[in-house]
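Enquirer: Starting from these lines, generate the structure:
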Amino acid sequence: MTRLHIHAPKGTYLAQVRRRGCRNWETLGKPVRSKTTAANRAVTTMLVREEYKRARVLFCAEWYDPIVVMEASV
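Expert: Residues are numbered from 1 along each chain as shown. Just a heads-up that it's a prediction; the model follows:
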C-alpha cells in the first residue's frame, strides 16, 4: 500500500513596499491568510502613494524560509 503526501503548508502572507533607492522593505499591516488580500494591500499602497516604487508579497510558514509570491514595480 502506498501513502499519498499532500504538501500544503499553513502560513501567512505579508504585504511589503519599498521606496525608490532604498534597500529596506516596509511591511504593511498585520500578516493575512489570503494572498489576494496581501497583493491588493501592497499594490494599492504602491499606486496611491507615489514615493513607493516596488511592492511584493511574501509567504511565511513555520518551517520554511519566506518565499516571494508576487512582485510588482512602477
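Enquirer: hey, what's the most centrally placed residue in the chain bridged with?
Expert: With distances taken as C-alpha atoms, centre = their mean, the residue of the chain nearest its centroid is Val57 (1.5 Å). With DSSP bridges as the criterion, Val57 is bridged to Ala15, Met70.
Enquirer: who touches it in this structure?
Expert: By C-beta atoms under 8 Å, 6 or more residues apart in numbering, the contact set of Val57 is Tyr13, Leu14, Ala15, Gln16, Lys35, Ala38, Ala39, Ala42, Val68, Val69, Met70, Glu71. Yep, even glycine has a C-beta here, placed from its N, CA and C like the rest.
Enquirer: gap between the closest residue to Glu51 other than its chain neighbours and Arg33?
Expert: Spatial nearest neighbour of Glu51, excluding adjacent residues (C-beta to C-beta, 6 or more residues apart in numbering): Arg19 at 5.3 Å. From Arg19 across to Arg33, the span is 27 Å (C-beta to C-beta, to the nearest Å).
Enquirer: the more surrounded of the two?
Expert: Arg19 (14 against 10; other C-beta atoms under 10 Å).
Enquirer: okay, that one: pLDDT?
Expert: Arg19 is assigned 94 on the pLDDT scale.
Enquirer: returning to what we had before: can you say which of the contacts of Val57 are buried?
Expert: Tyr13, Leu14, Ala15, Gln16, Lys35, Ala38, Ala39, Ala42, Met70 (16 or more other C-beta atoms under 10 Å).
Enquirer: Check the secondary structure at the first one for me.
Expert: Think Tyr13. Secondary structure of Tyr13, reduced to three states by DSSP: H, G, I helix; E, B strand; the rest coil: strand.
Enquirer: Spell out the residue ranges of the helices in the protein.
Expert: For the chain, helices defined by DSSP state H occupy the ranges 35-48.
Enquirer: where are the low-confidence patches of it?
Expert: 1 (pLDDT under 70).
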